[in-house]
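> Okay, sequence plus prediction incoming.
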Amino acid sequence: MLLPLTPAQCRAARDILNWTLEDLAHSAGVSIFTVRDFESAKRTPDQHTLRLMRRAFEGAGVEFSARDEGVRLAGGRR
């Protein structure tokens, strides 16, 4: 079971990857408005959309901490 993605994790993961809102939207197959509204806490996407976003990050090498809301690149970088 995947842990939920938070707006803070989303912003941090994009920062680590140097991704724009557009980059995440394209990689996850969601709209840029969905990403923007989620990161600004205007609305929370459904679970399917959150899984798509999280999997896009994981596919690019981002790991999410099970203990806290931390994110890092695979292999312990950052």
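Received, thanks. Residues are numbered from 1 along each chain as shown.

> for the protein, which spans come out with low pLDDT?
Within the chain, the segments meeting pLDDT under 70 span 1-3, 68, 76-78.

> Could you pull out the buried residues of the helix ranked longest in it?
Assignment by DSSP state H gives helix 47-59 as the longest helix of the chain. The neighbour-count check on helix 47-59 (16 or more other C-beta atoms under 10 Å) flags T49, L50, L52, M53, R54, A56, F57 as buried. Every C-beta, even on glycine, is put in place using the N, C-alpha and C of the backbone.

> how much does the one helix or strand V35 maps to deviate in direction from helix 47-59?
According to DSSP states H and E, V35 maps onto helix 32-39. Here the directions of helix 32-39 and helix 47-59 differ by 90 degrees (axes from the mean of the first three to the mean of the last three C-alpha atoms, to 10 degrees).

> quick one, what contacts the residue nearest to the spatial centre of the chain?
In the chain, the C-alpha nearest the mean C-alpha coordinate belongs to C10, at 3.6 Å (C-alpha atoms, centre = their mean). Going by C-beta atoms under 8 Å, 6 or more residues apart in numbering, C10 touches L24, V35, F38, E39, M53.

> Let's see that with 6 Å instead.
E39 (C-beta atoms under 6 Å, 6 or more residues apart in numbering).

> residues in contact with the longest helix of the chain?
Counting by C-beta under 6 Å, 6+ apart, residues outside helix 47-59 touching it are L2, L5, A13, S27, A28, G29, V30.

> which secondary structure elements does the next helix or strand after it contact?
Next in sequence after helix 47-59, counting helices and strands by DSSP H and E, comes strand 62-64. Contacts defined by 3 or more C-beta pairs under 6 Å, 6 or more residues apart in numbering; DSSP states H and E place strand 62-64 against strand 71-73.
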